[in-house]
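# Need the 3D shape of this:
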Amino acid sequence: MTDEMLSNTKSERVRRIASLARKKERQAHGRFLVEGPQAVRELLVHRPELTETVYATLGAETWQVEIARLASDAGVRLERATTEVISAMSETVNPQGVVAVARTWAEPTEGALAEARLVAILHEIRDPGNAGTVLRAADAAGADAVIFAGESIDPFHPKVVRSTTGSLFHIPVLVMSTLEEAVEAARASDLSVLAADVRGSDVLEARAEGALDGPIAWVFGNEARGLSEADRVLADRSVRLPIYGAAESLNLATAASVLLYETAFAQRSR
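Take a look at the predicted model:
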């Protein structure tokens, strides 16, 4: 930890860190921003080797002591900064006094899904909140990996990172150029591929038939368009969640969370 307090919001370092809100800059520098005590804590606990620097205000909050200890244990540099500097670095309005700069990484595709039993494939998912929430739900449901396929949002987008509340650092996250590539990788690891689609069979019917018992890769499509016919035929089966009330539909993150948990329940009740 350095004794100097960073206070210049217009310094080159602050501007460079703030620029990581843009995908082009993240790709150019191989770095991304982690904001808030919870996310920074999970980064330091689960992926300390990726952490470059932590910037935090000086205060009496409980997380201050824990973050300082975790950074020290991991051999990560902790620098103190004013609230204004943390805000200038951050993409969010309220970064809660701490941000970290971490190195991006790429999971090796080959063998990444070996022995996997539950995988989420996000195809053309554009909303960062949805993407982060699905990743968090996949983590909670015990999934083995999440794949961002096609033109899905960058998993290192600041809003995706925040929405995962640390799950980004718990579970393998892969990026594949096409849905076909993701489906091929799933099948190579002996996973059945199910498409979440309103035109599919009822999930309760699928579960009763044992379709959720084995290793499954779920494909979730774009928030507005869903999956095209060409996308759906790549799957072994299409499955839908029934609507029992008057709601027109469920949003992507909610539907994905339910289907991932239904699969986790089925797999654990065999």
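# tell me the contacts of the closest residue to Glu181 other than its chain neighbours?
Nearest non-adjacent residue to Glu181, counting by CB to CB, 6 or more residues apart in numbering: Ala149, 7.1 Å away. Heads up, the C-betas are built off the backbone N, CA and C, glycines and all. Residues in contact with Ala149 (CB atoms under 8 Å, 6 or more residues apart in numbering) are 121-124, 175-179, 181-182.
# Any of these buried? List them.
Buried members of those, counted by 16 or more other CB atoms under 10 Å: 121-124, 175-176, 179, 182.
# Which one of those is nearest to Ala255?
Leu122 (12.5 Å; CB to CB).
# any idea of the pLDDT on the residue nearest to Glu181?
Ala149 carries a pLDDT score of 96 in this model.
# can you check Asp3 too?
59.
# what does the one 10 residues further on give?
Here, the pLDDT recorded for Arg13 equals 95.
# any idea whether it is helix, strand or coil?
When classified by DSSP: H, G, I helix; E, B strand; the rest coil, Arg13 comes out as helix.
# Run through the strands of the stretch 51-200 of the chain in chain order.
51-56, 77-81, 98-103, 118-123, 145-149, 173-176, 192-202 (DSSP state E, counting those that start in this stretch).
# now what about the shortest one, what contacts it?
The set of residues that contact strand 173-176 without belonging to it, under CB under 8 Å, 6+ apart, is 106-107, 109, 112, 135, 145-150, 155, 182, 185.
# again with the third one
Applying CB under 8 Å, 6+ apart, the external contacts of strand 98-103 come out as 17, 20, 30-37, 39-40, 43-44, 47, 50-57, 63, 67, 86, 89-90.
# and those residues, which are buried?
Taking 16+ other CB under 10 Å as the criterion, what is buried in those is 17, 20, 31-37, 39-40, 43-44, 47, 50-51, 53-57, 63, 67, 86, 89-90.
# Show me what the helix or strand containing Ala230 is packed against.
Using DSSP states H and E, the element containing Ala230 is helix 229-232. Helices and strands touching helix 229-232, by 3 or more CB pairs under 8 Å, 6 or more residues apart in numbering; DSSP states H and E, are strand 192-202.
# now do the same end-to-end measure for stretch 214-225.
Separation of the first and last residues of stretch 214-225 by CA to CA, to the nearest Å is 28 Å.
# Name the residues of that stretch that are buried.
215-222.
# residues contacting the closest residue to Ala211 other than its chain neighbours?
Residue nearest to Ala211 in three dimensions, not counting chain neighbours: Arg237, with 6.4 Å by CB to CB, 6+ apart. Neighbouring residues of Arg237 by CB under 8 Å, 6+ apart: 192, 194-195, 200-201, 206, 211.
# and with 7 Å instead?
By CB atoms under 7 Å, 6 or more residues apart in numbering, the contact set of Arg237 is 194, 200, 206, 211.
# what do you get for Leu58?
Arg80.
# Check Gly97 too.
Gly97 sits next to 56-57, 59, 83, 86 when contact means CB under 7 Å, 6+ apart.
# List the buried residues of stretch 21-28.
So stretch 21-28, judged by 16+ other CB under 10 Å, has buried residues 21, 26.
# what comes into contact with it?
Counting by CB under 7 Å, 6+ apart, 19-20, 32-33, 91, 104, 154, 156, 158 sit against stretch 21-28.
# ok, back up a step: and Glu248, which of the strands of the stretch 51-200 of the chain is closest to it?
If you check each of those against Glu248 by CB to CB, strand 192-202 wins as the nearest, at 10.6 Å.
# Sounds good, over and out.
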